[in-house]
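**Q** no sequence on this one, just coordinates:
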């Protein structure tokens, strides 16, 4: 197996582990996981979680250090996630009355995730 393919496979594996760790962490914080890996033609949402009247759309970023993880979410990706969140709510009208919040969870090896609530807002 070539080095590039092995690197991508390890990155995917780390990403899945990071998402599972974040889902576990959110449950401990009192969130109910509504969906994981929700995909549309527009994009993907890593985790959708609900707590009270808030529907949290969570993007998980796993990197070797927190600064790199925080910088890896660009404006284009934020717009794609927001459009995917609209599709999610449209497909599940029961969530339409909830406030939607966009969060980011940063993960690095051997550390608990860092949850940044309200990491960005959409300009409607």
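**A** Received the coordinates, thanks. Being a predicted model, the structure only gives us computed values, none of them experimental. Residues are numbered from 1 along each chain as shown.
**Q** gap between whichever strand or helix holds residue 56 and the chain center?
**A** Here residue 56 sits within strand 54-62, counting by DSSP states H and E. Distance of strand 54-62 from the chain centroid (CA atoms, centre = their mean, to the nearest Å) equals 3 Å.
**Q** Quick check: nearest residue in space to the residue nearest to the spatial centre of the chain, chain neighbours excluded?
**A** Using CA atoms, centre = their mean, the residue of the chain that lies closest to the mean C-alpha position is residue 59, 2.0 Å off. What sits nearest to residue 59 in space, not counting adjacent residues and going by CB to CB, 6 or more residues apart in numbering, is residue 104, at 5.1 Å. Placement of C-beta: from N, CA and C, glycine included.
**Q** Then residue 26?
**A** residue 49 is the one closest to residue 26 (CB to CB, 6+ apart), at 5.0 Å.
**Q** Could you report the distance from the residue lying closest to residue 57 once chain neighbours are set aside to residue 52?
**A** Sequence neighbours aside, residue 85 is the residue nearest to residue 57 in space, at 4.7 Å (criterion: CB to CB, 6+ apart). From residue 85 across to residue 52, the span is 18 Å (CB to CB, to the nearest Å).
**Q** re the thing from before, give me the pLDDT value at the residue nearest to residue 59.
**A** Residue 104 is assigned a pLDDT of 93 by the prediction.
**Q** tell me which helix or strand of this structure sits lowest on mean pLDDT?
**A** The helix or strand of the chain with the poorest confidence is helix 66-71; it has a mean of 68 (mean pLDDT, DSSP states H and E).
**Q** Report the angle between the lengthiest helix in the chain and strand 54-62.
**A** Scanning the chain for the longest helix, with DSSP state H as the assignment, gives helix 3-28. If you take axes from the mean of the first three to the mean of the last three CA atoms, to 10 degrees, helix 3-28 sits at 150 degrees to strand 54-62.
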